[in-house]
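Fold the following, please.
(chains A, B and C, ligands or ions: 1)
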Amino acid sequence: MPELPEVETIKRTLKIVLANLTITDVTIFKPKLVNRPDFKEALVGCQISDQLTRRGKYLLLPLNKCASKSGDMTLAIHLRMTGCLVVIKENDQLPKYTHVLFYFDNPKIKLAFADMRQFGRLSLLTNAELQDLSGLKDLGPEPLEKNFNPTYLKNNLSSRRAKIKSLLLNQTLVAGLGNIYVDEALYLAQIHPERLGCDLTAPEVNNLYHAIITVLEQGIQNGGTSISDYVDAEGNAGNNQNMLQAYQRQNKPCYRCDEIITRIKVAGRSSHFCPRCQKIKNS
DNA sequence: AGGATGACCAGGACGC
DNA sequence: TGCGTCCTGGTCATCC
Ligand SMILES: [Zn+2]
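A predicted model of the protein is given here:
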C-alpha cells in the first residue's frame, strides 16, 4: 500500500520524467475516479511544473499554462491502497487495471493510473480548491522535516488518551504513516500498539520519533514496500518488504528475542508486534 | 473536541 | 469449476 516512502519513490521518478511536459490528451476509462466531468478538457494544454511534490500520501502536480479562467491548477493524486502511477515508454504494455491514461507532447512517454480496487482519486483543483481539500488541508507535519521532532511529538501525545497505533495512523498528527510503517516503527521503538499516547514516557517518545524517521528513510532507500502489487513509477517492485520486522510476520520468531510475533486488531487494523519486546505495561 | 467504530470500495484468497 | 465468505486499509461519517 502506498504510504510515504512509496509515494516519495514515485514522486522522485515522476519529477524527472514529467517535469515540463505538456499534456496533449487524456483517456478516462473510469470517470468516477476523477473529480470533474471536464477533467480531460481542462488538462489538455497544461504543462506539468517541475515543482511536482508530495505532501503526506498525496502527490501534487502543479500545472502551468492552463487555459482555465480560474488560473493555473494542481492535479492532486491519492493512491489509497492499490493505486499505481506508471510511466509508459514507447510501446510498453499498459498495466492491468489502467483507469486513466495521460499523453504528452513527447509521444514516447505516457502515464498510466492503474488501481485494482478503484479507491484512488485524481483531483484537478484550482488553488482555492486545493487549499480547502479535506484530507490535505488538515495534514500534520511531514515526518522527515524539522517541524516534526521529539518535542512536537511529546507535546502532541501528552494529552491524548487514544492508543498510540491509532494516533500514528491519524494523518493530522503526522502525515504519511500507514499500517505497515506504524507497525515497524512501534516494533523498532519497542512500544506496544495499544499503549495510550499520554502514557508514553519521554524516552519512549524519543525512541518513537527516531524509529519513525528510521523506518521511513529505510523504506525510501529500499524503493518502497511491495505488498498488494505495489510498483514504482517505472513498474519495478520495491525491496522493503524483505526488510520488515513486524508487519505480516505473525507466528514467526522476533528477530530480537525469538518470541513469536503476535497479530491483533487495533483501531480496526491488523497490528503485528512482539509480546516480549513490546509490553503493554512498564514493569 | 477527542476517541471509537463501522462503512465504503472491489477484487483476491480460500474453503468446500 | 464455481460459489460464498472473509480479508484488506485509508479515509470519512457518525455517535458518544
Ligand atoms: Zn521480541
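
going forward, measure contacts between C-alpha atoms and count neighbours the same way
Fine.

Listing request: residues of chain A with sub-threshold pLDDT.
Applying pLDDT under 70 to chain A flags residues A:228, A:282-283.

Helices of that one, start to end?
Counting by DSSP state H, the segments of chain A that form helices are A:4-18, A:39-43, A:127-131, A:150-157, A:164-169, A:179-189, A:202-221.

Of those helices, which is nearest DNA strand C?
Closest approach to DNA strand C among the helices of chain A (CA to the nearest atom of the strand): helix A:179-189, 4.0 Å.

Point out the most buried one among the helices of chain A.
Comparing those by mean neighbour count (mean count of other CA atoms under 10 Å), helix A:179-189 comes out on top with a mean of 24.

I'd like the helices of chain A as TSV, with distance to DNA strand B appended.
Conversion of the helices of chain A to TSV gives the following (distance: least, CA to the nearest atom of the strand, whole Å):
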stretch	distance to DNA strand B
helix A:4-18	19
helix A:39-43	19
helix A:127-131	19
helix A:150-157	8
helix A:164-169	6
helix A:179-189	13
helix A:202-221	16
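
Tabulate those in CSV, adding columns for distance to residue A:279.
Output for the helices of chain A, formatted as CSV (distance: least, CA to CA, whole Å):
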stretch, distance to residue A:279
helix A:4-18, 27
helix A:39-43, 51
helix A:127-131, 42
helix A:150-157, 19
helix A:164-169, 13
helix A:179-189, 11
helix A:202-221, 12
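
Out of these, which gets nearest to residue A:272?
Residue A:272 sits nearest to helix A:179-189 of all those, at 6.2 Å, using CA to CA.

What is that closest one packed up against?
Under the contact definition 3 or more CA pairs under 8 Å, 6 or more residues apart in numbering; DSSP states H and E, helix A:179-189 sits against helix A:164-169, helix A:202-221, strand A:269-273.

Residue A:221 versus residue A:146, what's the distance?
Distance check for residue A:146 against residue A:221: by CA to CA, to the nearest Å, it reads 20 Å.

again, but for residue A:35
33 Å.

Spell out which parts of the stretch 151-283 of chain A neighbour DNA strand C.
Proximity of the stretch 151-283 of chain A to DNA strand C, by CA under 7 Å from any atom of the strand, involves residues A:169-171, A:176, A:178-180, A:269-270.

switch the cut-off to 6 Å
The stretch 151-283 of chain A has residues A:171, A:178-179, A:269-270 near DNA strand C, with proximity defined as CA under 6 Å from any atom of the strand.

Mark which of those are buried, thanks.
By neighbour count, with 16 or more other CA atoms under 10 Å, those hold A:171, A:178-179 as buried.

Between its first and last residues, how far does stretch A:34-42 reach?
Distance between the two ends of stretch A:34-42: 12 Å, counting by CA to CA.

chain center to it: distance?
From the chain centre to the centre of stretch A:34-42 is a distance of 24 Å (CA atoms, centre = their mean, to the nearest Å).

same thing with stretch A:169-187?
The chain centroid and the centroid of stretch A:169-187 are separated by 10 Å under CA atoms, centre = their mean.

how about the residues of chain A near the ion?
Proximity of chain A to the ion (CA under 5 Å from the ion) is limited to residues A:254, A:256-257, A:274, A:277.

Counting neighbours, which of the residues you listed comes out on top?
Neighbour counts for the residues of chain A next to the ion, by other CA atoms under 10 Å, peak at residue A:274, which reaches 29 neighbours.

Distance check, that one against DNA strand B.
Counting by CA to the nearest atom of the strand, to the nearest Å, the separation of residue A:274 from DNA strand B is 21 Å.
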